[in-house]
Every structure is written in C-alpha cells, then in structure tokens.
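> I'll drop the sequence and a predicted model, then ask my questions.
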Amino acid sequence: MPKINGNEIRPGNVLEHDGHLWAAVKVDHVKPGKGGAFAQVELKNLRNGSKLNERFRSADKVERVRLEQKDMQFLFESDGRLTFMDTETFEQVELDADILGERRPFLQDGMTIVVEFHDSEALNATLPQKVVCTIEETEPVVKGQTAANSFKPALLDNGVRVTVPPFVGTGEQIVVNTETMEYSERA
C-alpha cells in the first residue's frame, strides 16, 4: 500500500492507522506561529464508527488504503440494515443504515450507489452526487421578488428541509446535491 505524507491527507481518504481502517472526515491544515505546520485530522473508524482526532506532521508517513468500488442497487431496509445487490453477480450485501448519516433520506428504492470494499468486506456506501426530489410544501411565489440571493425554505418528499429560489413552487421536482444537501437546479 502507498504511504503518503501527513500533509497530503484529504477528506474522504481511507487510512490505515494503529491497525484500523479510518476515513478522513475533516482536515484542517494548521500553521502555528511557533513550531512546524501540521494537519489536524478528524478520523472515523470504518468498522465501528468511532471517531478520533489526530495530528499529522508533514514528516509523518501514513498508509493510504485503496478501496474497491462497486456499483450496487438498493433493494430494501429492515431492522436498521440496508440491503444492496450487485447488478452483475446478484450477490447481496447488508450495511448499517447509519453509514449514510444525515444523507440517509435521499436513498431511494432501486437507486444505484457506490459500495466500497476492503478484502471483500463492505465498509462504506456513497450516494450519487445529485438526486431528484419533489417539493412537498413551500411558500407561494412572491411576484416581483427578484433579489439575487433570496431563498425560501422548502420541505421535500423525503422529509428534508432545504432552501430554494423564490421561483420554485410546491409539487415541482428539483435536483439536490447530496454532499452539501442544497438545492442545485430544477429537474
């Protein structure tokens, strides 16, 4: 496995640290007035979900792990477990529902997502970057409201609240960015 310097760690990287697999959730590069620069990294254990804050100096070497990615189709959820199927081999895999975190409501029946494997063990799932949702309720369109940065709250069909431009109305379909959980465009 390739080793990278501590200052090369980016969010989303999977690292082997202290004998466990960790995903870098948040990375802050700190340059204190005294001493050398370092990366303050928030890590999440891919097997049990525990979190760890760690400092890596640029001289520190960390093993970066490459995960095998497969497109899989979401089938159903039962008892807090999500079941996915490989569309080529029809093999089924189960993952905890909380692996998607706050993005869980965007998972739709039959949706194709990317499941990441390490030595045939399913560790992580990633939703598509853009998902089409329907607006359940929002404020009515105000005529003449053309301010460039004016947004209004809206409730989506999956229960998530987002802000949308004033011209978008109830019942319309919009595209939501699942990474930022924000309105992207009309569908």
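In hand now; what should we look at?

> For Glu68, which residues are in contact?
Counting by Cβ atoms under 8 Å, 6 or more residues apart in numbering, Glu68 makes contact with 116-118. C-beta coordinates here come from the backbone N, C-alpha and C atoms, glycine included.

> what do you get for Arg103?
Applying Cβ under 8 Å, 6+ apart, the residues near Arg103 are 127, 178, 181.

> what about the second one, how many neighbours?
Neighbour count for Thr178, taken as other Cβ atoms under 10 Å: 19.

> any idea which of the contacts of Arg103 is closest to Arg161?
Checking these against Arg161 by Cβ to Cβ gives Met181 as the nearest, at 9.4 Å.

> Helix or strand with the lowest mean pLDDT in the chain?
strand 121-126 (a mean of 84; mean pLDDT, DSSP states H and E).

> among the contacts of Glu68, who's most crowded?
Busiest of the contacts of Glu68 [other Cβ under 10 Å] is Glu116, holding 19 neighbours.

> so that one makes contact with Leu67?
Yes. Using Cβ atoms under 8 Å, Glu116 is in contact with Leu67, at 3.9 Å.

> Common neighbours of the two, please.
Common neighbours of Glu116 and Leu67 (Cβ under 8 Å, 6+ apart) are 14, 123-124.

> need those in a markdown table with distance to Ala187, can you?
Shown next, in a markdown table, are those (distance: Cβ to Cβ, whole Å):
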| residue | distance to Ala187 |
| --- | --- |
| Val14 | 33 |
| Leu123 | 32 |
| Asn124 | 27 |
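
> mind listing what the least confident helix or strand of the chain pairs with, with the direction of each?
Each strand paired with strand 121-126, and its direction, by DSSP bridges: strand 112-118 (antiparallel).

> Need the contact partners of stretch 41-60.
Stretch 41-60 is contacted by residues 5-7, 9, 14-15, 17, 20-28, 36-40, 62, 96, 98, 118, 123-124 when judged by Cβ under 8 Å, 6+ apart.

> So among those residues, which ones count as buried?
Among these, those classed as buried by 16 or more other Cβ atoms under 10 Å are 6, 9, 14-15, 17, 21-24, 27, 38-39, 62, 118, 123-124.

> out of the residues you listed, who's nearest Leu82?
Asn124 (12.0 Å).

> Show me what the closest one is bridged to.
Glu116.

> Please report how far it lies from Gly80.
17 Å (Cβ to Cβ, to the nearest Å).
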